[in-house]
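[1] Whatever this is, show me its structure:
(chains A, B, C and D)
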2 protein chains.
Amino acid sequence: MSMNYAFKALSDPTRRKILDLLREKDMTAGEIADHFQMTKPSISHHLSLLKQAQMVYDERKGQNIYYSLNTTVFQDLLKWFIQFH
Amino acid sequence: MSMNYAFKALSDPTRRKILDLLREKDMTAGEIADHFQMTKPSISHHLSLLKQAQMVYDERKGQNIYYSLNTTVFQDLLKWFIQFH
DNA sequence: GTAATATTTAGATAAATTCCTAAATATCTA
DNA sequence: TAGATATTTAGGAATTTATCTAAATATTAC
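    Numbers count the residues shown, from 1 in each chain, chains lettered A, B, ... in the order given. Next up, the predicted model:
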(Lines give C-alpha, C1' and ligand atoms only; values in the text may rest on other atoms or scores of the structure.)
Protein backbone atom coordinates (compact mmCIF):
# COMPACT_ATOMS: atom_id res chain seq x y z
CA MET A 1 0.00 0.00 0.00
CA SER A 2 1.73 3.08 -1.28
CA MET A 3 0.10 5.57 1.12
CA ASN A 4 2.21 4.06 3.86
CA TYR A 5 5.43 5.02 2.09
CA ALA A 6 3.98 8.43 1.29
CA PHE A 7 3.17 9.19 4.92
CA LYS A 8 6.66 8.05 5.92
CA ALA A 9 8.20 10.19 3.21
CA LEU A 10 6.24 13.22 4.38
CA SER A 11 7.39 12.87 7.98
CA ASP A 12 10.75 14.44 7.25
CA PRO A 13 11.00 18.24 6.81
CA THR A 14 13.82 18.00 4.28
CA ARG A 15 11.69 15.81 2.04
CA ARG A 16 8.71 18.12 2.38
CA LYS A 17 10.94 21.03 1.39
CA ILE A 18 12.14 19.07 -1.65
CA LEU A 19 8.52 18.59 -2.69
CA ASP A 20 7.93 22.30 -2.22
CA LEU A 21 10.90 23.07 -4.46
CA LEU A 22 9.63 20.73 -7.16
CA ARG A 23 6.29 22.45 -7.02
CA GLU A 24 8.02 25.47 -8.58
CA LYS A 25 9.90 23.61 -11.28
CA ASP A 26 11.61 20.34 -12.18
CA MET A 27 15.16 20.18 -10.91
CA THR A 28 18.27 18.06 -11.09
CA ALA A 29 19.51 16.26 -8.00
CA GLY A 30 22.36 18.75 -7.82
CA GLU A 31 20.10 21.80 -8.01
CA ILE A 32 17.96 20.34 -5.26
CA ALA A 33 21.01 19.64 -3.11
CA ASP A 34 22.14 23.26 -3.52
CA HIS A 35 19.13 24.33 -1.49
CA PHE A 36 20.25 22.41 1.58
CA GLN A 37 23.20 22.36 3.93
CA MET A 38 23.54 18.67 3.59
CA THR A 39 25.72 16.40 1.46
CA LYS A 40 24.58 15.19 -1.94
CA PRO A 41 24.46 11.55 -0.86
CA SER A 42 22.05 12.54 1.92
CA ILE A 43 19.80 14.39 -0.53
CA SER A 44 20.06 11.47 -2.92
CA HIS A 45 18.79 9.20 -0.17
CA HIS A 46 15.82 11.49 0.50
CA LEU A 47 15.05 11.54 -3.21
CA SER A 48 15.11 7.77 -3.31
CA LEU A 49 12.55 7.61 -0.48
CA LEU A 50 10.33 10.10 -2.30
CA LYS A 51 10.65 7.94 -5.40
CA GLN A 52 9.83 4.81 -3.42
CA ALA A 53 6.71 6.62 -2.19
CA GLN A 54 5.89 7.44 -5.82
CA MET A 55 5.82 11.14 -5.03
CA VAL A 56 8.47 12.08 -7.60
CA TYR A 57 9.58 10.91 -11.02
CA ASP A 58 13.23 10.78 -12.04
CA GLU A 59 14.48 11.03 -15.59
CA ARG A 60 18.05 11.10 -16.74
CA LYS A 61 19.02 13.74 -19.30
CA GLY A 62 22.68 13.33 -20.09
CA GLN A 63 24.73 13.67 -16.94
CA ASN A 64 21.83 15.02 -14.93
CA ILE A 65 18.86 13.31 -13.38
CA TYR A 66 15.80 15.51 -13.32
CA TYR A 67 13.26 15.14 -10.58
CA SER A 68 9.63 16.17 -10.92
CA LEU A 69 6.44 15.77 -8.91
CA ASN A 70 4.24 12.74 -9.35
CA THR A 71 0.88 14.02 -8.16
CA THR A 72 -1.10 10.77 -8.29
CA VAL A 73 -0.34 9.81 -4.69
CA PHE A 74 -1.13 13.34 -3.57
CA GLN A 75 -4.67 12.82 -4.79
CA ASP A 76 -5.02 9.70 -2.66
CA LEU A 77 -3.65 11.61 0.33
CA LEU A 78 -6.04 14.46 -0.32
CA LYS A 79 -8.94 12.01 -0.27
CA TRP A 80 -7.70 10.59 3.01
CA PHE A 81 -7.60 14.03 4.60
CA ILE A 82 -10.96 15.09 3.27
CA GLN A 83 -12.50 12.27 5.33
CA PHE A 84 -11.50 14.15 8.47
CA HIS A 85 -13.04 17.40 7.40
CA MET B 1 5.28 24.87 13.90
CA SER B 2 2.57 22.34 14.57
CA MET B 3 2.43 20.84 11.06
CA ASN B 4 5.78 19.24 11.78
CA TYR B 5 4.38 17.27 14.71
CA ALA B 6 1.31 16.41 12.65
CA PHE B 7 3.35 14.97 9.80
CA LYS B 8 5.42 12.98 12.29
CA ALA B 9 2.26 11.74 13.97
CA LEU B 10 0.82 10.62 10.65
CA SER B 11 3.89 8.61 9.73
CA ASP B 12 2.87 5.71 11.94
CA PRO B 13 0.10 3.33 10.76
CA THR B 14 -1.15 2.68 14.29
CA ARG B 15 -1.71 6.39 14.82
CA ARG B 16 -3.48 6.75 11.49
CA LYS B 17 -5.75 3.86 12.44
CA ILE B 18 -6.52 5.56 15.76
CA LEU B 19 -7.55 8.67 13.86
CA ASP B 20 -9.74 6.53 11.61
CA LEU B 21 -11.41 5.01 14.66
CA LEU B 22 -12.07 8.43 16.15
CA ARG B 23 -13.68 9.49 12.91
CA GLU B 24 -16.52 7.09 13.74
CA LYS B 25 -16.98 8.14 17.35
CA ASP B 26 -15.23 9.45 20.45
CA MET B 27 -13.59 6.69 22.43
CA THR B 28 -11.82 6.06 25.71
CA ALA B 29 -8.16 5.10 25.72
CA GLY B 30 -9.20 1.58 26.69
CA GLU B 31 -11.70 1.22 23.85
CA ILE B 32 -9.06 2.41 21.42
CA ALA B 33 -6.52 -0.04 22.81
CA ASP B 34 -9.00 -2.90 22.35
CA HIS B 35 -8.69 -2.42 18.59
CA PHE B 36 -4.99 -3.20 18.60
CA GLN B 37 -2.73 -6.08 19.50
CA MET B 38 -0.52 -3.82 21.52
CA THR B 39 -0.26 -2.97 25.19
CA LYS B 40 -2.16 -0.06 26.67
CA PRO B 41 1.00 1.87 27.52
CA SER B 42 2.00 1.69 23.85
CA ILE B 43 -1.38 3.01 22.74
CA SER B 44 -1.19 5.66 25.44
CA HIS B 45 2.12 6.78 24.00
CA HIS B 46 0.64 7.01 20.49
CA LEU B 47 -2.26 9.02 21.88
CA SER B 48 0.13 11.41 23.54
CA LEU B 49 1.92 12.02 20.24
CA LEU B 50 -1.42 12.66 18.53
CA LYS B 51 -2.23 15.10 21.31
CA GLN B 52 1.14 16.79 20.97
CA ALA B 53 0.35 17.18 17.26
CA GLN B 54 -2.99 18.72 18.25
CA MET B 55 -4.86 16.11 16.24
CA VAL B 56 -6.93 14.84 19.17
CA TYR B 57 -8.51 16.24 22.29
CA ASP B 58 -8.60 14.35 25.57
CA GLU B 59 -11.17 14.83 28.29
CA ARG B 60 -11.48 12.89 31.50
CA LYS B 61 -14.94 11.65 32.46
CA GLY B 62 -14.67 9.78 35.73
CA GLN B 63 -12.23 6.93 35.40
CA ASN B 64 -12.10 7.20 31.64
CA ILE B 65 -10.33 9.59 29.37
CA TYR B 66 -12.22 10.21 26.17
CA TYR B 67 -10.36 10.99 22.99
CA SER B 68 -11.87 12.87 20.08
CA LEU B 69 -10.65 14.38 16.82
CA ASN B 70 -9.33 17.91 16.72
CA THR B 71 -9.81 18.83 13.07
CA THR B 72 -8.12 22.22 13.04
CA VAL B 73 -4.70 20.85 12.07
CA PHE B 74 -6.33 18.69 9.42
CA GLN B 75 -7.45 21.86 7.70
CA ASP B 76 -3.88 23.16 7.59
CA LEU B 77 -2.73 19.82 6.22
CA LEU B 78 -5.46 19.86 3.63
CA LYS B 79 -4.28 23.29 2.49
CA TRP B 80 -0.74 22.00 2.24
CA PHE B 81 -1.82 19.12 0.03
CA ILE B 82 -4.04 21.22 -2.19
CA GLN B 83 -0.92 23.13 -3.24
CA PHE B 84 0.31 19.99 -4.96
CA HIS B 85 -2.87 19.41 -6.86
C1' DG C 1 -9.42 4.29 53.83
C1' DT C 2 -8.86 -0.02 50.91
C1' DA C 3 -9.59 -2.40 46.77
C1' DA C 4 -10.66 -2.33 41.92
C1' DT C 5 -10.42 -0.17 37.42
C1' DA C 6 -8.53 3.05 33.86
C1' DT C 7 -4.82 5.35 32.31
C1' DT C 8 -0.25 7.32 32.21
C1' DT C 9 4.72 7.64 33.31
C1' DA C 10 9.38 5.64 33.71
C1' DG C 11 12.93 3.05 32.14
C1' DA C 12 14.88 -0.28 29.00
C1' DT C 13 15.76 -2.45 24.45
C1' DA C 14 15.52 -3.39 19.54
C1' DA C 15 14.73 -1.48 15.21
C1' DA C 16 14.49 2.34 12.11
C1' DT C 17 16.12 6.81 10.54
C1' DT C 18 19.28 10.45 9.36
C1' DC C 19 23.45 11.81 8.18
C1' DC C 20 28.32 11.38 7.08
C1' DT C 21 32.64 9.80 4.15
C1' DA C 22 34.46 6.90 0.64
C1' DA C 23 33.77 4.33 -3.38
C1' DA C 24 31.19 3.05 -7.54
C1' DT C 25 28.57 4.12 -11.77
C1' DA C 26 27.09 6.85 -15.75
C1' DT C 27 27.76 10.35 -19.02
C1' DC C 28 30.18 13.80 -21.67
C1' DT C 29 34.29 15.89 -23.81
C1' DA C 30 38.69 16.17 -25.51
C1' DT D 1 40.47 6.05 -23.83
C1' DA D 2 41.33 9.42 -19.95
C1' DG D 3 39.62 13.02 -17.21
C1' DA D 4 35.87 15.78 -15.42
C1' DT D 5 31.19 16.14 -13.70
C1' DA D 6 26.74 14.35 -11.76
C1' DT D 7 24.70 11.13 -9.11
C1' DT D 8 24.08 6.96 -6.50
C1' DT D 9 25.48 3.07 -3.54
C1' DA D 10 27.81 1.12 0.52
C1' DG D 11 28.93 1.08 5.09
C1' DG D 12 28.90 3.01 9.58
C1' DA D 13 27.80 6.21 13.72
C1' DA D 14 24.48 8.91 16.32
C1' DT D 15 19.81 9.77 17.17
C1' DT D 16 14.98 8.79 17.27
C1' DT D 17 11.12 5.71 17.46
C1' DA D 18 8.15 1.83 18.77
C1' DT D 19 7.38 -1.32 21.97
C1' DC D 20 7.54 -3.81 26.30
C1' DT D 21 7.18 -4.50 31.64
C1' DA D 22 6.76 -2.43 36.06
C1' DA D 23 5.37 1.30 38.78
C1' DA D 24 2.70 5.51 39.64
C1' DT D 25 -1.57 8.34 39.51
C1' DA D 26 -6.58 9.23 39.37
C1' DT D 27 -11.15 7.89 40.12
C1' DT D 28 -14.92 5.12 41.90
C1' DA D 29 -17.30 2.02 45.11
C1' DC D 30 -17.66 -0.28 49.17
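[2] alpha carbons only for contacts and neighbour counts from here, please
    Fine.
[3] who's in contact with the residue of chain A found nearest DNA strand D?
    Residue nearest to DNA strand D within chain A: residue A:30 (2.8 Å; CA to the nearest atom of the strand). Contacts for residue A:30 were tallied using CA atoms under 8 Å, 6 or more residues apart in numbering or on different chains; they are residue A:40.
[4] Return the set of buried residues in the helix or strand where it lies.
    For residue A:30, the enclosing helix or strand under DSSP states H and E is helix A:29-34. Using 16 or more other CA atoms under 10 Å in any protein chain shown as the burial criterion, the residues of helix A:29-34 that qualify are A:29, A:32, A:33.
[5] need these in JSON lines with pLDDT and distance to chain B, can you?
    Shown next, in JSON lines, are the buried residues of helix A:29-34 (pLDDT from 0 to 100; distance: CA to the nearest CA, whole Å):
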{"residue": "A:29", "pLDDT": "98", "distance to chain B": "20"}
{"residue": "A:32", "pLDDT": "98", "distance to chain B": "18"}
{"residue": "A:33", "pLDDT": "98", "distance to chain B": "21"}
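[6] Go through those residues and say which is closest to DNA strand C.
    residue A:33 (9.9 Å).
[7] Surely that closest one touches residue A:45?
    No - using CA atoms under 8 Å, residue A:33 is not in contact with residue A:45; the gap is 11.1 Å.
[8] And for residue A:14, the neighbour number?
    When neighbours are defined as other CA atoms under 10 Å in any protein chain shown, residue A:14 has 16 of them.
[9] measure the closest residue to it other than its chain neighbours to DNA strand C for me?
    By the measure of CA to CA, 6 or more residues apart in numbering or on different chains, the closest residue to residue A:14 outside its immediate chain neighbours is residue A:46, 7.8 Å from it. Distance from residue A:46 to DNA strand C, counting by CA to the nearest atom of the strand, to the nearest Å: 7 Å.
[10] hmm, the helix or strand residue A:46 falls within in reach of DNA strand D?
    Using DSSP H and E, the element containing residue A:46 is helix A:40-52. Yes - contact of helix A:40-52 with DNA strand D (CA under 7 Å from any atom of the strand) involves A:40, A:41, A:42, A:43, A:44, A:45, A:47, A:48.
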